[in-house]
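Q: heads up, no residue letters with this:
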């Protein structure tokens, strides 16, 4: 499997799934939304915009996996996983840390749960994609 195929299957596909999830969830969650500041439609659009920006950020940060096209990086047992995981997983760790800190100070598990839901598909996709990539190198 090529790097482009892995990127589409294990990074772009989870992003599309999560944006669809955010659209459905936001419509359900904000069904009876009332506020002085935002309309129901504006709240839904804001949720979807945040989901799209977050997913696009992870997709952009995951582009470092293409450093594995360089033979020196691809053959290294240290550089290869670092180029694959360091930046996107570091960003996800920052988001999870902020969500957990919010949970501790405000005692609301909602933000932590949403952060987990949005990070889990990307984390699993990156791990599974890396395994597929390494297996394809062994078979060729």
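A: Sure, I can see it. Because the structure is predicted, anything quoted here is derived from the model rather than measured.
Q: so who does the spatially most central residue of the chain touch?
A: Taking Cα atoms, centre = their mean, the centroid of the chain lies closest to residue 122, which sits 4.2 Å from it. By Cβ atoms under 8 Å, 6 or more residues apart in numbering, the contact set of residue 122 is 11, 14-15, 58, 62, 88, 92. For glycine as for every other residue, the C-beta is placed from the backbone atoms N, C-alpha and C.
Q: now rank these by neighbours and give me the top one.
A: When neighbours are counted by other Cβ atoms under 10 Å, residue 58 leads these with 26 neighbours.
Q: in the strand or helix carrying that one, what counts as buried?
A: Following DSSP states H and E, the helix or strand that holds residue 58 is helix 40-61. For helix 40-61, a neighbour-count test (16 or more other Cβ atoms under 10 Å) marks 43-44, 47-48, 51, 54-55, 58-59, 61 as buried.
Q: got any ranges where the protein has weak pLDDT?
A: Across the chain, nothing is flagged by pLDDT under 70.
Q: name the element the residue nearest to the centre of the chain belongs to?
A: Taking DSSP H and E as the criterion, the element that holds residue 122 is helix 109-139.
Q: gap between that helix and the chain center?
A: Distance of helix 109-139 from its chain centroid, counting by Cα atoms, centre = their mean, to the nearest Å, is 8 Å.
Q: okay, angle between that helix and helix 40-61 too, please.
A: Between helix 109-139 and helix 40-61, the angle comes out at 30 degrees (axes from the mean of the first three to the mean of the last three Cα atoms, to 10 degrees).
Q: in helix 109-139, what counts as buried?
A: For helix 109-139, burial by neighbour count (16+ other Cβ under 10 Å) applies to 111-112, 114-115, 118-119, 121-123, 125-126, 129-130, 133.
Q: distance to residue 100 for the residues you listed - can I get that in TSV?
A: Shown next, in TSV, are the buried residues of helix 109-139 (distance: Cβ to Cβ, whole Å):
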residue	distance to residue 100
111	9
112	6
114	12
115	8
118	14
119	12
121	19
122	17
123	15
125	22
126	20
129	26
130	25
133	30
